[in-house]
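1. below are the sequence and a predicted model for it; my questions follow.
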Amino acid sequence: MANLTDKEKEVLNKNVETVNALNKQVLDYSMAQFKACQLKDQAEQTLQSNYEELSNKYNEGNPIQINIESGEWSAVKETEEK
């Protein structure tokens, strides 16, 4: 059985370390992306709940239009489909 030279082993080990480091970066990125998606979903649910509370409070649960800068709200007028 033949052995690799020290130089070949060094190059091989360096390449393995590079692949392992990159795999860790990909895993870290994937975990961060998953967590960000979870947090986004939670924030959207909170926003929807907040909208529903305001809609119930100000317009008996009917849709409202809210200007988030001024805080003004108005009832959404239903349009007839043609």
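-> On my side now, so go ahead.
2. nearest residue to the middle of this structure?
-> What sits nearest the mean C-alpha location of the chain, by Cα atoms, centre = their mean, is Cys37, with 2.6 Å.
3. what pLDDT does it get?
-> Listed pLDDT for Cys37 reads 98.
4. doesn't it belong to a strand?
-> No - counting by DSSP: H, G, I helix; E, B strand; the rest coil, Cys37 is not found in a strand; it is helix.
5. which residues are in contact with it?
-> Going by Cβ atoms under 8 Å, 6 or more residues apart in numbering, Cys37 touches no other residue. Glycine gets a C-beta too; all of them are placed from N, C-alpha and C.
6. residue ranges with poor pLDDT in this protein?
-> Residue ranges of the chain with pLDDT under 70: 80-82.
7. the helices in it, which residues?
-> Under the criterion DSSP state H, the chain carries helices at the ranges 6-59.
8. what about stretch 16-23, distance to the chain center?
-> Taking Cα atoms, centre = their mean, to the nearest Å, one finds stretch 16-23 lying 26 Å from the centre of the chain it belongs to.
9. how about stretch 38-46?
-> With Cα atoms, centre = their mean, you get 8 Å for stretch 38-46.
10. neighbouring contacts of it?
-> Contact with stretch 38-46 is made by no outside residue, as judged by Cβ under 8 Å, 6+ apart.
11. returning to that earlier point: ok, the residue nearest to the centre of the chain to Met31 distance?
-> 11 Å (Cβ to Cβ, to the nearest Å).
12. again with Tyr58
-> Tyr58 sits 41 Å away from Met31, taking Cβ to Cβ as the criterion.
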